[in-house]
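Chemist: heads up, no residue letters with this:
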């Protein structure tokens with residue numbers, strides 16, 4: 001039976017003396033469509049009410065995957081980390097791009113399948129819900145495969161990994177090499193004398209005081225676009241995260257030499273086009289094309305040089321350039337971290353221009369420095385939407401008055417670009433807190449130069465503040 005529903009608003013036929021209303025009272029609240037992020041988070045609250053709900057959903061997924069062994073690790077009651085590992089059948093590579101989308105499931109395909117569902121879950125909402133309130137990482141391998149895959153999606157939404165082509169559409173998908181090398185002894189190339197000397201330089205020239213600060217500091221937050229505020233003992237410091245991340249990445253490149261997992265770009269990008277982009281970005285006046293021919297020649301020469309070095313770049317640094325000149329793989333320096341892909345053109349140009357290809361030690365050092373600069377946690381290229389940077393996202397729009405009068409110009413925000421910027425800056429700050437600083441505690445040996453080059457600046461000492469208060 002069909003049912004008609006009628007909604008009445010306002011008053012009925014009775015005559016009621018209307019009170020004097022203010023402007024705000026006379027205008028009823030407008031109905032508007034909720035932003036999709038709000039909708040998603042409301043939906044997430046229906047599925048994942050507490051951390052234990054997430055654990056339940058993940059364990060049920062493991063059971064549905066025919067697992068015989070399941071391990072669960074939680075930190076701070078599940079607020080910091082929930083990790084579930086199992087020996088189930090795994091997830092095929094082809095299914096990973098839609099893994100965390102709503103209503104995607106392997107348990108059923110049509111409504112009639114509900115009559116015979118035997119799995120513990122079937123709606124396809126659990127993982128999607130978790131991505132709206134946290135960061136989800138999935139590492140998987142299926143039977144008979146030499147490569148595993150790591151997929152992650154953040155609560156900030158889709159990451160923009162675009163350089164000419166769109167490398168990753170909705171989130172980062174990492175393709176991992178087998179940890180067991182089939183072709184050679186895994187230590188064979190890492191024993192090169194030049195690499196040993198560079199690592200020895202790091203281990204013998206670090207600042208013990210800064211090492212203690214990094215190892216035992218508490219991250220407070222970002223003070224501005226470059227400096228983070230740290231507390232160590234009774235002191236407060238400003239720390240330059242760009243310098244710190246650049247040095248950490250450089251050291252990790254040398255320590256992981258020839259043993260890199262790799263990020264597979266879903267659409268390889270031509271070196272020639274990347275180099276042209278980088279050269280144009282260096283122009284003070286991009287509208288002037290009088291040096292276009294020279295740029296094309298420089299790009300062609302650098303592309304040819306890098307194609308000649310592709311075997312060494314792949315074997316030692318995990319950088320693969322296809323025979324046709326397309327960049328298709330870059331190394332993993334820190335797990336769960338993908339560099340800002342907008343900086344790939346600059347990175348490729350740096351490999352062509354700044355590397356000393358003639359002497360082995362200098363060659364490895366300059367390549368490691370170029371990779372370190374590329375992977376460093378620079379501020380995003382889009383202006384920071386906080387504070388004055390918000391004005392950069394306004395655009396002038398012409399509109400006509402309702403009566404068909406003259407046009408008027410109004411400023412309004414480019415909401416799509418603003419959302420992209422907010423996500424990029426939020427993702428960077430999350431990476432600094434949850435990836436950079438934990439990794440620095442484990443791996444970074446801060447060089448002595450960082451004590452004097454402004455990387456660390458002490459801004460307060462609680463002992464001195466206490467003395468001031470005592471005098472007051």
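Modeler: It's in. Every value quoted in this text rests on a predicted model; they were computed, and no experiment measured them.

Chemist: sheet-wise, list the partners of the strand ranked longest in the chain with their directions.
Modeler: Criterion DSSP state E: the longest strand present in the chain is strand 262-270. Paired strands of strand 262-270, with direction, are strand 326-331 (antiparallel) (DSSP bridges).

Chemist: residue ranges of the strands in the stretch 1-150 of the chain, please?
Modeler: Here the stretch 1-150 of the chain has its strands, by DSSP state E, counting those that start in this stretch, at 70-75, 81-86, 136-140, 149-153.

Chemist: kindly calculate the angle that the second one makes with strand 136-140.
Modeler: Angle, strand 81-86 to strand 136-140, by axes from the mean of the first three to the mean of the last three Cα atoms, to 10 degrees: 20 degrees.

Chemist: tally of neighbours for residue 444?
Modeler: The tally of other residues near residue 444 (other Cβ atoms under 10 Å) stands at 24. For every residue, glycine as well, the C-beta is placed using N, CA and C.

Chemist: now do residue 238
Modeler: Residue 238: 19 surrounding residues under other Cβ under 10 Å.

Chemist: host element of it?
Modeler: strand 235-240 (DSSP states H and E).

Chemist: what comes into contact with that strand?
Modeler: Contacts to strand 235-240, defined as Cβ atoms under 8 Å, 6 or more residues apart in numbering, come from residues 213, 217, 220, 223, 226-231, 454-462.

Chemist: so for residue 97, which of the strands of the stretch 1-150 of the chain sits nearest?
Modeler: Across the strands of the stretch 1-150 of the chain, the minimum distance to residue 97, taken as Cβ to Cβ, is reached by strand 149-153, at 8.1 Å.

Chemist: quick one: list the elements packing against that closest one.
Modeler: strand 136-140, strand 172-175 (3 or more Cβ pairs under 8 Å, 6 or more residues apart in numbering; DSSP states H and E).

Chemist: now do the buried residues in stretch 216-236.
Modeler: Neighbour counts using 16 or more other Cβ atoms under 10 Å place 217, 219, 222, 225, 227-232, 235-236 of stretch 216-236 among the buried residues.

Chemist: tell me the one of those residues nearest residue 325?
Modeler: residue 225 (35.2 Å).

Chemist: ok, now how distant is the closest one from residue 347?
Modeler: Shown here: residue 225 relative to residue 347, a distance of 21 Å by Cβ to Cβ, to the nearest Å.

Chemist: follow-up on the earlier one: which of the strands of the stretch 1-150 of the chain sits most buried?
Modeler: Across these, averaging neighbours per residue (mean count of other Cβ atoms under 10 Å) puts strand 149-153 on top, at a mean of 21.

Chemist: hang on, residue 455 packs against residue 241?
Modeler: No: Residue 455 lies out of contact with residue 241 (Cβ atoms under 8 Å); the separation is 9.4 Å.

Chemist: those two: which is more packed in?
Modeler: The residue with more neighbours, out of residue 455 and residue 241 and counting by other Cβ under 10 Å, is residue 241; that gives 26 against 22.

Chemist: distance of the more buried one relative to residue 437?
Modeler: 9 Å.

Chemist: now residue 91
Modeler: Between residue 91 and residue 437 the distance, using Cβ to Cβ, works out to 31 Å.

Chemist: and what of residue 213?
Modeler: Taking Cβ to Cβ, one finds residue 213 at 11 Å from residue 437.

Chemist: ok, now residue 345?
Modeler: 29 Å.

Chemist: do the same with residue 308
Modeler: Counting by Cβ to Cβ, the gap from residue 308 to residue 437 is 39 Å.

Chemist: please apply the same query to residue 367.
Modeler: 26 Å.

Chemist: please name the nearest non-neighbouring residue to residue 130.
Modeler: Among residues not flanking residue 130 along the chain, residue 136 sits closest, at 5.2 Å (Cβ to Cβ, 6 or more residues apart in numbering).

Chemist: check residue 330 too.
Modeler: residue 263 (5.2 Å).

Chemist: please apply the same query to residue 73.
Modeler: residue 83 (4.2 Å).

Chemist: so what's that neighbour up against?
Modeler: By Cβ under 8 Å, 6+ apart, the contact list for residue 83 reads 71-74.

Chemist: report pLDDT for it.
Modeler: pLDDT, residue 83: 84.

Chemist: next one: residue 461
Modeler: 83.

Chemist: and the closest residue in space to it that isn't next to it in sequence, how far from residue 322?
Modeler: Nearest residue to residue 461, sequence neighbours excluded (Cβ to Cβ, 6+ apart): residue 235, at 5.4 Å. Per Cβ to Cβ, residue 235 is found 51 Å from residue 322.

Chemist: now residue 440
Modeler: Separation of residue 440 from residue 322 (Cβ to Cβ): 34 Å.

Chemist: so between these two, which is more surrounded?
Modeler: Neighbour tally, residue 440 and residue 322, criterion other Cβ under 10 Å: the higher count belongs to residue 440, 22 against 14.
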